[in-house]
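> let's see this in three dimensions:
(chains A and B, ligands or ions: 2)
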Amino acid sequence: MATRLTQSNRAGWLFALPGFGLIAVFIILPFFFAFWLSLTNQRLISPNPTEFVGLQNYADMLSLAVVTLEPERDADGAVIRDETGAPEYPRVRSITRSDAFPQYDGMREWFRWQSGETARVVIASDVVFWKALTNTLLFVLIVAPTQAALALGLALLINQRLRGINVFRAIYFMPVVVSIVIVSLLWRFIYDGQDGLLNTVLGFLTFGAFEGHDWLGDPDTALGSIMAMSIWQAVGFHMVIWLAGLQTISPTLYEAAAIEGSSKWQTFRYVTWPGLRNTAVLILIVITMQSFALFAQIDVMTNGGPLDSTQTMVFQAVERGYGKQDISGGSTISVVLFLLVLTISLVQRYLTRER
Amino acid sequence: MANVNLSNVTKRFGAVDVIKGVDIDIDDGEFTVFVGPSGCGKSTLLRMVAGLEDITSGELRIGGRVVNDLQPKERGVGMVFQSYAIFPHMTVRENIGFGLTIARAGKAEKNAKVEEAARILQMENLLDRRPSQLSGGQRQRVAIGRAIVRNPSVFLFDEPLSNLDAALRMDMRMEIGKLHKQLGATMIYVTHDQVEAMTLADKIVVLKEGRVMQVGAPMDLYHRPANLFVAGFLGAPSMNFLDVEVIDVNGDEARVGNAALDPIVVRTAGRAIAKGSKAVLGVRPQYLAPVEPGAGMLHGKVRIAERLGSETVVDLALRDGTPLIAAFGEDKVFEDGQPVDLRFDGASAHLFPREA
Ligand SMILES: Nc1ncnc2c1ncn2[C@@H]1O[C@H](COP(=O)(O)OP(=O)(O)OP(=O)(O)O)[C@@H](O)[C@H]1O
Ligand SMILES: [Mg+2]
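Numbers count the residues shown, from 1 in each chain, chains lettered A, B, ... in the order given. Ligands and ions are numbered 1, 2, ... in the order given. The predicted structure follows:
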């Protein structure tokens, strides 16, 4: 209905103002602010005046190099080996602290690999950042597809007319309602190395053969454990989105497919999945963004440890900005994260575009 | 051979009986139309034949084989839905070939059959379009095309034309008639449009509240309706019903009349009509003719007249206040309130016992 109110431009702007204002103050402004801070040496509290440092923060954070180490040789030129027979190499420090290589100054080893007798070492000026970046990417790469697929499976199961189906819907959705902080706390008990629920259950299932494992205390299992928990926690949310998508597909299409003799799998492939296209795009983008924002689980469960095996971008941003009072460093990570998510979203949109 | 036989078929949704014992025999190659008012169970019955709804009790045979417990795909039927139900993300070609894709038919075979179907439906030039680029009539053609490529022995149509506008509906109606002649397959067609029923059907099944009211050829039903419901349901405008008294019965003829109707002799068509009882006399509007005042047996006044050019439909009030519709096959001018006398041939009227 076109009344004077709905046609008036001024009224429209007035209605938009509160929302727009809040978004501007809490999202748009801080974003530009972070962008600016990442170009300075701002600290949370500092007696020195803030200086503009250009891209120095980015250089400090992103610089990487590969150095080649030749095995140590004795006087005869034979390779010196340790007890296990592996060749011994000079310490990386001998390069990063050497005046002969000023460009590697202050860098530390991130990881290394062997090619023949020589070792190649990737050194970075900010190893923790690189670990956080790879952990985050790994998290996204594993969690996004797994969570989306599981949620779709649940939605398909739940999208049936069965007695009591609402009970299942409620159960699957329940973890979403509970705060992630609470969930993380609870799962810390589940993953506990001494007498956690998971160890008890595994021990019971294997008739005591399973000895118990400190899931969050082991660098090899900590990130995986957090992934499993995160998938479990949010799968219900995406299930509901899939469910909404499933319910937009006309039941007559299924009937037409049934008449044409379509099997369950063919029906999914030719009717359900194409009908879920838009939902899939939405879910993919939402899960990706949520996964990149991984923070609370880390903060509650591992604090980035053990041995930086669960460092993530957002956790590092907060850790630097507030923990180490290095506002410019935190901002730099935020900006890099923003560019990363933006690029991935654009690529996803391009790949899933309507053809 | 694909005759379809329903014997004592019922359907119950929870506590509601929707189909209450239906017996219908459809011969191979016959075009059968289910008609009836909204909610009478036409779609339900058709969907039971298709296998989309379970049969609560009774027996359904297709080609002599009991198919009650068979999946839709095992029944050899093709179906066209009111809402087209074509797949929005597939091209016309993919839609028509869907059944063949499902059956994993070879590419060459699929192409040949799709093109054959497109030729029959005159839509060869549309094959690479998507459904969103088609008109309603074209979409329905795609749906029909999808049904015909698999060459089913029985075609089921659930109100396929009711989403189309009047002109297109007539075109498509004729095309479906042609298609039936061309394919010679058994077809069951659900509609509540009686023009579709009358023009397309070899056999009409009139349903009401889950029961069969009458089965027969269109003209059988039109000229010899078995009951008041069928009499009133077929024909437009619908038949006039007058409450009359039976003055005299003589063999299969009766003399009836009332305050507005001078006594007239009509056929009883073998129905039990007792002398002195009350009965209902049905007269089609088209069988009424205007005559000089005093010369007719019905006396009334014009309430409103509609001139359609080829026809004039007059709404009258009879002397005792009963409303009556008359349709004259010519353009005629009537004043509102003008007194009119009407006559009709007793042989064209239908006498029904008054229902309790
Ligand atoms: N799934 C169902 N559950 C309960 N009742 C149903 C169901 N489907 C249909 N009915 C009822 O069965 C009756 C017949 O429905 P049906 O769809 O067969 O009518 P129809 O003759 O096709 O009507 P229309 O001309 O409006 O399409 C209706 O009263 C309807 O409410
Ligand atoms: Mg219907």
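
> burial count for A:Pro18?
If you count neighbours by other C-beta atoms under 10 Å in any protein chain shown, A:Pro18 ends up with 9. Placement of C-beta: from N, CA and C, glycine included.

> for it, what are phi and psi?
When quoted as degrees, to the nearest 10, the phi and psi of A:Pro18 stand at phi -60, psi -50.

> got the confidence number for it?
pLDDT for A:Pro18: 93.

> please report the distance of it from A:Ser8.
As for A:Pro18, its distance to A:Ser8 is 17 Å (criterion: C-beta to C-beta, to the nearest Å).

> now swap in B:Ala226 and tell me
Using C-beta to C-beta, B:Ala226 is found at 66 Å from A:Ser8.

> more neighbours: the two, which one.
Just comparing B:Ala226 and A:Ser8: by other C-beta under 10 Å the higher neighbour count belongs to B:Ala226, 18 against 11.

> ok, that one - contacts?
B:Met213, B:Gln214 (C-beta atoms under 8 Å, 6 or more residues apart in numbering or on different chains).

> what about it, which SS state?
coil (DSSP: H, G, I helix; E, B strand; the rest coil).

> would you confirm that B:Asn68 contacts B:Thr56?
No. Under the criterion of C-beta atoms under 8 Å, B:Asn68 makes no contact with B:Thr56, lying 10.1 Å away.

> spell out which parts of chain B neighbour chain A.
For chain B, the residues found near chain A under the criterion C-beta under 8 Å from any C-beta of the partner chain are B:50-52, B:71-73, B:77-79, B:81, B:83, B:85-90, B:98-99, B:101-103, B:143, B:146, B:150.

> go again with 7 Å.
For chain B, the contact set with chain A under C-beta under 7 Å from any C-beta of the partner chain comprises B:50, B:52, B:72-73, B:77-79, B:81, B:83, B:85, B:87, B:89, B:98-99, B:102-103.

> and of the residues you listed, the nearest to ligand 1?
B:Leu52 (10.5 Å; C-beta to the nearest ligand atom).

> find me the pLDDT at the closest residue to that closest one other than its chain neighbours, would you?
Once flanking residues are discounted, B:Leu52 sits nearest to A:Glu255: 5.3 Å by C-beta to C-beta, 6 or more residues apart in numbering or on different chains. pLDDT for A:Glu255: 92.

> A:Glu255 and B:Lys73: what is the separation?
Distance, A:Glu255 to B:Lys73, by C-beta to C-beta: 12 Å.

> now do the same contact list for the closest residue to chain B within the stretch 201-350 of chain A.
Closest contact between the stretch 201-350 of chain A and chain B, by C-beta to the nearest C-beta, is at A:Gly261 (3.2 Å). Neighbouring residues of A:Gly261 by C-beta atoms under 7 Å, 6 or more residues apart in numbering or on different chains: B:Lys73, B:Gly99, B:Ile102, B:Ala103.

> neighbours around the nearest residue to B:Leu161 once chain neighbours are set aside, how many?
Distances taken as C-beta to C-beta, 6+ apart place B:Arg169 nearest to B:Leu161, at 4.6 Å, with adjacent residues excluded. B:Arg169 is flanked by 20 other residues according to other C-beta under 10 Å.

> cool, and A:Ala170?
Residues contacting A:Ala170 under the criterion other C-beta under 10 Å number 11.

> wasn't it part of a strand?
No. Per three-state DSSP, A:Ala170 lies outside any strand segment and is helix.

> any idea how far the closest residue to chain B within the stretch 1-150 of chain A is from A:Trp242?
Among all residues of the stretch 1-150 of chain A, A:Ala148 sits closest to chain B, at 19.7 Å; criterion: C-beta to the nearest C-beta. Per C-beta to C-beta, A:Ala148 is found 8 Å from A:Trp242.

> could you list the buried residues of the helix or strand in which A:Leu29 is found?
Secondary-structure assignment from DSSP states H and E places A:Leu29 in helix A:29-37. Neighbour counts over helix A:29-37 (16 or more other C-beta atoms under 10 Å in any protein chain shown) mark A:Ala34, A:Leu37 as buried.

> again with stretch B:157-166
Quick answer for stretch B:157-166 (16+ other C-beta under 10 Å): B:Phe157, B:Asp158, B:Glu159, B:Pro160, B:Leu161, B:Leu164.

> among the residues you listed, which are in helices?
If you go by DSSP state H, these have nothing in helices.

> what's the closest of those residues to chain A?
Using C-beta to the nearest C-beta, the shortest approach to chain A within these belongs to B:Asp158, at 9.6 Å.
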